[in-house]
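**Q** pasting the sequence and the predicted coordinates here, then a few questions.
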Amino acid sequence: MVVSSQSVLDDSLSETGNPINNFKVGIPVIDLSRATQKALLFQACKEYGFFKVINHGIPTKLIEKLEQEAMRFFNLSQTEKEKAGHGHPFGYGSKRIGPNGDVGWIEYLLFSASQQYVSGRFTASLPVSFRKLLDAYIKEVKTLACNILERMAEGLELESKDVQSKMLQNEKNDSFFRINHYPTCPNLLKAQCGQNMIGFGEHTDPQIISVLRSNNTSGLQISGKDGNWISVPSDSNSFFINVGDTLQVLTNGRFKSVKHRVLADGRDSRLSMIYFAGPPLTEKIAPICSLMDDGEESLYKEFTWSEYKMSVFKSKLADNRLQIFEKT
Ligand code: GA4
């Protein structure tokens, strides 16, 4: 599975870091130390389903320590790593993504992050220091996710700003946490393909939002409005937020779940950590009433997160998972 790197360079957007930038000059940046920036947030979710947050308040030390523990894990022998399970979906996985034949130049750890503690048989083999950092980090990103969902609610001018964040606050929330390691791509392999390897193939995230942080290695691309791939400059001091399929439905299509992928970098390995904010299994996923205009109808058939999740795990990465739930 390969892709040409040419279009990647051509479509790169410059990134100004200026919180009031516009979409033509870079990835939208939301400064969490400022008041809501409602319009920018709304526009980012509508146009791209993607933005970057700065001044997020998560301690750099915590992020760096977790990253170090994760690298220590990925540097172990294959036999040691496999003690953390074999995916399906949780635990350690290598090359295979999901249950339906997708592959990538990647190894990863995937956990349930519903509870305050990352527990379960897949974490039992990890050092206590790693598990403690995972718990502390997940607690922080969950708070960040709630904060962002509340700002989105303001942008959407919802009556109550916790309509979405309370799905996460619910102790039965069904969230995931994933650490992806994209090893460097051996020259021989690159030369054989003459192109960049796919680390994680194109897909949208099924959940409400995803909160991503990566080291300073590039590779992430989002799909622009006309289907062009836009390279996202890496920034280890910031977080990137993806709108997921669930939020697209909750907003009756006002916000778009963003198609994205990761290309393996030829020279440096990439490490990313993603929190997927998911609702409780029994939650009905339907447009938020207070958002609907007079006479506006839902674009989607009603379904629960559990029903959606079942269909997600029957799909392949690149599938349009929402399509079967769209009203015809
Ligand atoms: C994409 C978002 C998350 O990483 C994930 C992925 C899941 C997996 O890796 O097992 C899926 C993928 C993701 C969507 C389609 C199915 C399921 C792989 C796959 C082919 C953990 C998730 O929730 O959905």
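**A** Nice, thanks for sending it over.
**Q** ok, residue 66 - contacts?
**A** Residues counted as contacts of residue 66 (CB atoms under 8 Å, 6 or more residues apart in numbering) are 130, 133-134, 137, 273. (Glycine included, C-beta is placed from N, CA and C.)
**Q** quick one: name the residues of the stretch 1-150 of the chain near the ligand.
**A** Contact residues (CB under 6 Å from any ligand atom) of the stretch 1-150 of the chain with the ligand: 89, 97-98, 100, 102, 110.
**Q** okay, those residues in TSV with pLDDT and secondary structure next?
**A** Formatted as TSV, these follow (pLDDT from 0 to 100; DSSP: H, G, I helix; E, B strand; the rest coil):
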residue	pLDDT	secondary structure
89	86	coil
97	95	strand
98	94	coil
100	95	coil
102	95	strand
110	95	strand
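**Q** where do the helices of the stretch 51-200 of the chain begin and end?
**A** All helices of the stretch 51-200 of the chain, identified by DSSP state H, counting those that start in this stretch, fall at 60-74, 78-81, 128-155, 165-169, 187-193.
**Q** okay, now the closest residue to the ligand within the stretch 151-300 of the chain: neighbour count?
**A** Here the stretch 151-300 of the chain gets closest to the ligand at one residue, residue 205, 4.5 Å apart by CB to the nearest ligand atom. Number of residues near residue 205 (other CB atoms under 10 Å) recorded here: 26.
**Q** contact partners for it?
**A** 242, 244-245, 257, 276.
**Q** ok, now residue 256?
**A** 45-49, 243, 248.
**Q** try residue 291
**A** 156, 158, 251-252, 254.
**Q** how about 10 Å then?
**A** Counting by CB atoms under 10 Å, 6 or more residues apart in numbering, residue 291 touches 153, 156-159, 163, 250-252, 254.
**Q** and those, which are buried?
**A** The neighbour count (16 or more other CB atoms under 10 Å) marks 153, 156, 158, 163, 250-252, 254 as buried among these.
**Q** present those residues as TSV; the columns should include pLDDT and distance to the ligand.
**A** Putting these into TSV (pLDDT from 0 to 100; distance: CB to the nearest ligand atom, whole Å) gives the following:
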residue	pLDDT	distance to the ligand
153	95	23
156	93	24
158	92	25
163	92	22
250	98	17
251	98	19
252	98	22
254	97	22
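**Q** shaky segments in the stretch 151-300 of the chain?
**A** In the predicted model, the stretch 151-300 of the chain carries pLDDT under 70 at residues 187-195.
**Q** among the contacts of residue 205, which are in reach of the ligand?
**A** Here is what survives when the contacts of residue 205 are matched to the ligand using CB under 6 Å from any ligand atom: residue 276.
**Q** max pairwise distance over the contacts of residue 205: which two?
**A** Using CB to CB, those span at most 12.1 Å, a distance reached by 257 and 276.
**Q** quick one: which of the helices of the stretch 51-200 of the chain has the weakest pLDDT on average?
**A** Lowest mean pLDDT within those: helix 187-193, a mean of 64.
**Q** tally of neighbours for residue 96?
**A** Residue 96 sits with 17 neighbouring residues when counted by other CB under 10 Å.
**Q** verify the contact between it and residue 200 for me.
**A** No: applying CB atoms under 10 Å, one finds residue 96 not in contact with residue 200, separated by 11.8 Å.
**Q** thank you kindly, that will do.
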